[in-house]
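> Give me coordinates for this.
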Amino acid sequence: MQQSNAPLKWLLLALALVAACGGSAQTPEARIRRVFAEMQAAAETRDAGAIKLHLSETYRDAQGDDRQAVVAIATMHFMRHTSVHLLTRVSTLEVTAPGEAHAQVLVAMAGTPIADARQLIPLRADLYRFDVKLRDEDGDWRVTAAAWQPATAADFE
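Numbering: from 1, shown residues only. Below you'll find the predicted structure:
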C-alpha cells in the first residue's frame with residue numbers, strides 16, 4: 001500500500017488498534033480494549049459508520065482533522081481498497097484520570113491477511129504507532145485525539 005497521510009487518519013480509528021479483550025468487561029481497560037476490537041472489525045469490514053460511533057464529537061487529531069474529516073477519509077480509503085487487514089498490538093493502556101485514558105497502539109495494515117508479525121516484511125505492510133486519547137462519554141469510551149508515526153517490524157515483536 002502506498003504510504004500517505006489520508007489512510008493513516010482512518011487507520012488511527014481502526015487502531016487500531018487491537019488486542020482481544022481481557023479481564024472483567026466492567027473495568028475501564030477491558031471496555032477500552034473492546035472499543036479497539038470493534039474499531040478493528042469496522043475497518044476490516046470497511047464500515048466507516050461503525051468507526052464514527054467510536055469517535056467523540058470533539059475529536060481532533062494531530063493534523064487538525066475532526067470527526068467528519070476522519071470518516072470521509074475512511075470512506076475514501078475503503079472505496080479505493082477492496083480488502084483491509086490489520087494486525088494490532090496495544091503497547092500501553094493507562095487510565096490517566098477518572099473517565100480519561102491514553103493508549104499506544106501498533107497497527108500493521110495490508111491488503112491480505114496478516115497471520116503474525118513475521119509476515120510484516122514479506123507482505124510489505126504499512127506499520128504505524130498511534131498515541132490515542134480516550135474519554136468516557138456517558139458510559140461509552142470514545143477516541144478524542146490521536147497522533148501517529150511510522151513503526152518498524154521490530155516494534156511488533
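> Tell me how far Gln40 lies from Ala30.
Distance of Gln40 to Ala30, given as CB to CB, to the nearest Å: 16 Å. Backbone N, C-alpha and C define where each C-beta goes, glycine included.
> of the two, who's got more company?
The neighbour comparison of Gln40 against Ala30 (other CB atoms under 10 Å) goes to Gln40, with 25 against 15.
> my guess is the more buried one meets Thr88, correct?
Yes. Contact criterion CB atoms under 8 Å: Gln40 and Thr88 qualify, at 5.8 Å.
> ok, which stretches of this protein are helices?
Assigned by DSSP state H, the helices in the chain fall at 5-14, 28-44, 48-52, 67-80, 120-123.
> Pick the most deeply packed of those helices.
Scoring these by mean neighbour count under mean count of other CB atoms under 10 Å gives helix 5-14 as the most buried, with a mean of 24.
> Could you list the low-confidence segments of the chain?
Applying pLDDT under 70 to the chain flags the ranges 1-25.
> which one of the helices of the chain lies closest to Arg135?
Across these, Arg135 has its closest neighbour in helix 28-44 (10.6 Å, CB to CB).
> Which strands and helices lie in contact with the closest one?
Using 3 or more CB pairs under 8 Å, 6 or more residues apart in numbering; DSSP states H and E, the elements in contact with helix 28-44 are helix 5-14, helix 48-52, strand 85-97, strand 100-110, strand 126-137, strand 140-150.
> Those into CSV, with extra columns for distance to Val70?
Shown next, in CSV, are these (distance: least, CB to CB, whole Å):
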stretch, distance to Val70
helix 5-14, 5
helix 48-52, 8
strand 85-97, 16
strand 100-110, 15
strand 126-137, 12
strand 140-150, 9
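> so which of these gets nearest Asp65?
Of all the helices and strands packed on helix 28-44, helix 5-14 comes closest under CB to CB, at 5.8 Å.
> Look up how far Leu93 lies from the residue lying closest to Ile32 once chain neighbours are set aside.
What sits nearest to Ile32 in space, not counting adjacent residues and going by CB to CB, 6 or more residues apart in numbering, is Trp141, at 5.1 Å. Taking CB to CB as the measure, Trp141 falls 11 Å from Leu93.
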